[in-house]
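Peer 1: how does the following fold in three dimensions:
(2 chains)
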Amino acid sequence: MERYVLSALVQNHAGVLSRVAGLFSRRGYNIESLTVGETADPGLSRMTIAVSGDDAILEQIQKQLEKLLEVLVVRRLCPEASVSRELALIKVDAPSHSRAEVLQTASIFRARIIDVCAECLTIEATGDHQKIDSLIELLRPYGIRELARTGVASLERGSVSISLLLSLI
Amino acid sequence: MNYSGARILIECLAEQGVDSVFGYPGGSVIAIYDELHKHADRIKHYLTAHEQGAAHAADGYARATGKPGVVIATSGPGATNLVTGIATAYMDSVPMVAITGNVPVSLLGKDSFQEVDIAGITMPITKHSFIVKDVKDLARCLRSAFAIATTGRKGPVLVDIPKDVTMALCSWEAQSETERAKALAALEARWQPPLGATELADAAAMINASKRPLLYAGGGIISSGAAPELKELAERLKAPVALSLMGHGAFPAAHPLCTGLIGMHGAKASNMAASRADLIIALGTRFSDRVVGNVASFASAAGVLHIDIDPAEINKNIRSGRALKGNIKAILQALVPLVRARDSSDWNGDIDAWKQIRPSSHHADKALHPRFIMEEIHARVPSDAIITTEVGQHQMWTAQFYPFSAPRSFISSGGLGTMGFGTGAAMGAQVAYPARQIVHIAGDGSFRMNCAELATIAHYDLPILIVVMNNGTLGMVRQWQSMFFDGRHSATTLNRPPDFVKLADAFGLAAWRATDASSFKEALALALESRRPCLIECAIDIDESVLPMVPSGKAIEEQILEP
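Peer 2: Residues are numbered from 1 along each chain as shown, chains lettered A, B, ... in the order given. Predicted coordinates for the structure are as follows:
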């Protein structure tokens, strides 16, 4: 099972998300994360979907997505040719005896402290999937009280644009 | 013009050429029914006994004509009663527009009386759905619904209209023919990418290089109207043609190249051909599990050229070496001239020999044999008769023994396998073609499911002939129980009422009971002559099996021919 990232431009309608999510669940595809938000064109949203599977499954997912009327274009993003970011908010125990170490770890990951109190810190980290995973693993021994992660947001490198593809269709 | 939403619906239906709709009224669609009443001269509404019957009737109408069928139901239970009908149409790619009422917009989401999220419920079984919350969007949504249902791979579309939207006023303008054609063309283009010359040439080369080609044809041939092109291809290649259940009628059964049904209950010749072919050319079909059997051993020696309008079908169930995506008729018109004509195919002799191998049960000496019934009906009805079925043994016997020769003459629930489908479907077909003979073949189990529609058949005087093959059991399940569950016939014996002849009589149909060949012939002659709604109940041996049969999970050449 490999991890793939699909980027889809969809019409910015109520109900599109449930169509896409429903498609994944009834066909038994695994979504790792799904991020959706408006694009530069307010009529369109971009869905960035991280999925696990093999090549054959991915081919099916892409084709089934393309059959949905409100899905305009779907691209498979190749990791080497795209940039990806995820964001995590991590509330971690940081009493005085371990606070310095936690701060140091956060700083190695270029993470920011966005909230602080006597017992804990809330850290904001951005980066690709592995970076966030590693930071979480390093902070786990200190005691993670709460964790909120976004899905992945991803764009192809260079001047390629999925919106341009759309105008060609 | 300023019209109410309900009136806009009527105008949009008329604009789409709809002259018949099936449905059942209720609180949320009362304004729609009021307009249907006022415009009864333009659109005829058929009131069924149950919304499921209306959905199947719309489906049968669509399968018989190729035009979209339309069904109307009220909110809540009215809408949920459509679900099986919509799923049936979805699985067999039948164009249908289902219109449901819903509670007023302000009451949506509040668990109001007779409220249900029908768009959510039907999401996995529709091509698309609309919830129209503003009357200004109604005409656009309805027009899109028809366009979506009838382009690309066809299928059902649901339009859910809250009650206040049906009563709200809005200006309405007719859509010009040009606008409509433009919208349709844009959608068609989305489903059908232009075909490259190299793709065609490569496919033709693959075909020309094959020694033992098999054409495996499905419902796509019928929905794209490609039966003439299929025949031309088969005759050019001298290739055998095997048919999926949905493909029946796509190629004449009596044609020397036809090997008949393929798959679980396929003919020996079809299944052997699929196993021994060096190239399978799949046309408008999806390698369903009922065709393929064991996936790993299916056609392991063959290359596969898959031609289908739905790109997602390519490589879904079976990986194909090469595929052409698009409308089959257009593709075949371009492809056939590139295929080299042959005098014979290497294996025509093998095919003819396999065609001689039939289970002995096909010739068994029975008082009333399913094969005799099917052949007798075929011999007595006009050649343009339409045969509908329910689901089960009688359905397979119909596919095996009735020599279909024309597209849209066989109407049956293939993908979903919906028992109770046929009575409604027969009504839809008869409404579409009042002058043609419709024969509905049913089993006693399936028929009982929606037999309340006899009231509809009688009321509209639809001259359908219903033939109930009564073996007193859910025969297909019994057959499996006999073969694979040590004969424990759990919950399959239907030793219970009603008396079908009395039941038909109570609904006002003429009815006969046939127990042997001569009583069947006699009843059939009287029934066909009457041109009235009729029913013939046929006594069938409880242990009559459908053979050949491939046990599930086995390779399709591993057929059981003798029980």
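Peer 1: span of stretch B:36-56 from start to end?
Peer 2: 20 Å (CA to CA, to the nearest Å).
Peer 1: on the three-state scheme, the residue lying closest to B:Lys366 once chain neighbours are set aside is what?
Peer 2: Spatial nearest neighbour of B:Lys366, chain neighbours left out: B:Asp541 (6.0 Å); criterion: CB to CB, 6 or more residues apart in numbering or on different chains. (Glycine included, C-beta is placed from N, CA and C.) Assigned with DSSP: H, G, I helix; E, B strand; the rest coil, B:Asp541 falls in the coil class.
Peer 1: residue boundaries of the helices in chain A?
Peer 2: A:16-26, A:55-67, A:96-108, A:129-139, A:162-168 (DSSP state H).
Peer 1: er, the stretch 51-200 of chain B actually
Peer 2: B:51-65, B:77-80, B:83-91, B:118-121, B:138-150, B:163-167, B:177-191, B:197-209 (DSSP state H, counting those that start in this stretch).
Peer 1: number of residues surrounding the residue nearest to B:Lys366?
Peer 2: Neighbourhood size, B:Asp541 [other CB atoms under 10 Å in any protein chain shown]: 15.
Peer 1: just checking, it touches B:Asn471?
Peer 2: Yes - counting by CB atoms under 8 Å, B:Asn471 is a contact partner of B:Asp541 at 6.5 Å.
Peer 1: which residues of chain A lie near chain B?
Peer 2: When proximity is defined as CB under 8 Å from any CB of the partner chain, chain A approaches chain B at A:15, A:18-19, A:22-23, A:26, A:56, A:59-60, A:63-64, A:66-67, A:69, A:169.
Peer 1: go again with 10 Å.
Peer 2: With CB under 10 Å from any CB of the partner chain as the criterion, chain A meets chain B at residues A:14-15, A:18-19, A:22-23, A:25-27, A:56, A:59-70, A:72, A:169.
Peer 1: from chain A, how far out is the residue nearest to B:Lys366?
Peer 2: 41 Å (CB to the nearest CB, to the nearest Å).
Peer 1: give the contact list for residue 160.
Peer 2: With no chain named, the answer covers chain A. Going by CB atoms under 10 Å, 6 or more residues apart in numbering or on different chains, A:Val160 touches A:75, A:81-82.
Peer 1: wrong one, chain B
Peer 2: B:28, B:75, B:79, B:98-102, B:108, B:116-120, B:122, B:129-133, B:141 are the contacts of B:Asp160 under CB under 10 Å, 6+ apart.
Peer 1: now the helices of the stretch 51-200 of chain B in CSV, with distance to chain A?
Peer 2: CSV is the format used below for those (distance: least, CB to the nearest CB, whole Å):
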stretch, distance to chain A
helix B:51-65, 20
helix B:77-80, 17
helix B:83-91, 12
helix B:118-121, 7
helix B:138-150, 7
helix B:163-167, 16
helix B:177-191, 8
helix B:197-209, 17
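Peer 1: which ones are touching the residue in chain A that chain B sits nearest to?
Peer 2: Relative to chain B, the nearest point of chain A is A:Lys63 (3.8 Å; CB to the nearest CB). Shown in contact with A:Lys63 (CB under 10 Å, 6+ apart): A:74, B:310-316.
Peer 1: redo that, cut-off 6 Å
Peer 2: B:311-312 (CB atoms under 6 Å, 6 or more residues apart in numbering or on different chains).
Peer 1: got a pLDDT number for it?
Peer 2: Looking at A:Lys63, its pLDDT is 95.
Peer 1: on contacts alone, who are the packing partners of the helix or strand bottoming out on mean pLDDT in chain A?
Peer 2: Using mean pLDDT, DSSP states H and E, the weakest-scoring helix or strand in chain A turns out to be helix A:162-168, at a mean of 71. Packing partners of helix A:162-168 (3 or more CB pairs under 6 Å, 6 or more residues apart in numbering or on different chains; DSSP states H and E): strand A:2-11, strand A:71-77.
Peer 1: nearest to B:Glu522, of the helices of chain A?
Peer 2: helix A:16-26 (51.0 Å; CB to CB).
Peer 1: for burial, what's the neighbour tally of residue 130?
Peer 2: Let's take chain A. 10.
Peer 1: my question was about chain B
Peer 2: For B:Phe130, the count of nearby residues is 22 (other CB under 10 Å).
Peer 1: okay, and the beta partners of it?
Peer 2: In this entry, B:Phe130 is beta-bridged to B:Val159, by DSSP bridges.
Peer 1: where does the prediction get shaky in chain A?
Peer 2: A:167-169 (pLDDT under 70).
Peer 1: report the angle between the longest strand along it and strand A:2-11.
Peer 2: Ordering each strand of chain A by length in residues (DSSP state E) puts strand A:82-93 first. Angle of strand A:82-93 versus strand A:2-11, following axes from the mean of the first three to the mean of the last three CA atoms, to 10 degrees, is 100 degrees.
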